[in-house]
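A.B. asks: Pasting a predicted model and its sequence here:
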Amino acid sequence: MTETLKVAMPKGRIYKKASALFRSAGLPIPLDVDETRKLVIPLPEADMEFILAKPVDVPTYVEYGVADIGIVGKDVLLEENKDVYELLDLGIARCRMSIIGLPDWKPGIHQRVATKYPNVASQYFREQGQQVEVVKLNGSIELAPLIGLADRIVDMVETGQTLKENGLVEMTSLFEITSRLIANRVSYRMKNNEIQALCDRLQQVITEGQVNR
Ligand SMILES: Nc1ncnc2c1ncn2[C@@H]1O[C@H](COP(=O)(O)OP(=O)(O)OP(=O)(O)O)[C@@H](O)[C@H]1O
Ligand SMILES: O=P(O)(O)OC[C@H]1O[C@H](OP(=O)(O)OP(=O)(O)O)[C@H](O)[C@@H]1O
């Protein structure tokens, strides 16, 4: 008997790409299930149940096992550092994590960096031997250097449009980001056939390059 897979799906910009990837892999996922207010979506034809979560919470649901698997950006995975398996690079929602500042930035005595990713940023500056104060913000990070909260920010760059419109420059690109398939450690053993079959189907679609990145 096939077991139902509980899948933590991030609401927002990853959802459409991830569900399109699942469809390309032959899974009957209806369009626009994310446009209702329903948070738990049974998908019996795909032997799945979608749990529509805030992206940053996906690793938590998977670590606790209330979701067997999940889809999440590498940025969130590095920041949250949860005890989960990373199974597959899905190659979607591609962007990069960068250090950003005003064009005339010069290192001062006390440096302050604003970011949604305090763990990632702190680790990077520690490894560089640079002493900086890291301030956590939850969005519109580009505001910080514009209004004097911070000298620089660590944030995501995709098209560069946000930087351009706010007169900021990308100073250092730290790493590339794509979305990953993650699994709960116990589920990976208990539902190995289902999870492995899904990985194989997704891997095939990714290899064939049928993905809208
Ligand atoms: N331009 C981009 N900016 C930010 N993240 C991007 C971008 N492009 C792709 N991503 C990826 O999409 C993921 C989810 O982004 P999204 O904006 O949907 O969620 P969020 O930043 O947690 O937003 P919210 O707090 O509004 O729910 C990010 O974690 C990252 O992996
Ligand atoms: O290079 P771009 O294509 O302009 O994309 C980068 C922007 O997108 C993200 O913000 P998001 O839209 O998630 O809003 P937020 O500031 O509320 O996090 C990110 O934090 C940048 O601000």
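C.D. replies: Thanks, I have the structure now. Ligands and ions are numbered 1, 2, ... in the order given.
A.B. asks: Next, count neighbours for the residue of the chain found nearest ligand 1.
C.D. replies: Here the residue of the chain nearest ligand 1 is residue 73; by C-beta to the nearest ligand atom that distance is 1.9 Å. All C-beta atoms are positioned from the backbone trio N, CA, C, and that covers glycine. For residue 73, the count of nearby residues is 24 (other C-beta atoms under 10 Å).
A.B. asks: where does residue 32 land on pLDDT?
C.D. replies: Residue 32 carries a pLDDT value of 83.
A.B. asks: Quick one: residues contacting the residue nearest to the spatial centre of the chain.
C.D. replies: By C-alpha atoms, centre = their mean, the chain has its centre lying nearest to residue 73, at 1.6 Å. Shown in contact with residue 73 (C-beta atoms under 8 Å, 6 or more residues apart in numbering): 10, 14, 55, 93, 177, 178, 179, 180.
A.B. asks: Looking at the residues you listed, which is nearest residue 81?
C.D. replies: Nearest to residue 81 among the contacts of residue 73: residue 180, at 13.5 Å, using C-beta to C-beta.
A.B. asks: Secondary structure element for the most far-flung residue of the chain relative to its centre, which one?
C.D. replies: Centroid-distance maximum for the chain: residue 109 at 33.4 Å, with C-alpha atoms, centre = their mean. Under the criterion DSSP states H and E, no helix or strand holds residue 109.
A.B. asks: Quick one: name the residues of this structure near ligand 2.
C.D. replies: 139, 140, 141, 142, 155, 156, 157, 158, 159, 160, 161, 162 (C-beta under 6 Å from any ligand atom).
A.B. asks: which SS class is the third one?
C.D. replies: In three-state terms, and counting by DSSP: H, G, I helix; E, B strand; the rest coil, residue 141 is coil.
A.B. asks: burial measure for it, as a count.
C.D. replies: 21.
A.B. asks: Domain-wise, how is this structure divided?
C.D. replies: Residue ranges for each domain of the chain read 5-93+178-207, 95-176, as given by automatic domain parsing.
A.B. asks: Out of those, indicate the one that is most buried.
C.D. replies: domain 5-93+178-207 (a mean of 18; mean count of other C-beta atoms under 10 Å).
A.B. asks: In contact with residue 13, which residues?
C.D. replies: residue 93.
A.B. asks: residue ranges for the strands of the chain, please.
C.D. replies: 5-10, 40-43, 48-53, 69-73, 85-89, 95-101, 111-115, 132-136, 152-157, 169-177, 179-183 (DSSP state E).
A.B. asks: What strands line up against the first one, and which way round?
C.D. replies: Strand 5-10 has its sheet partners listed here by DSSP bridges as strand 48-53 (parallel), strand 69-73 (parallel).
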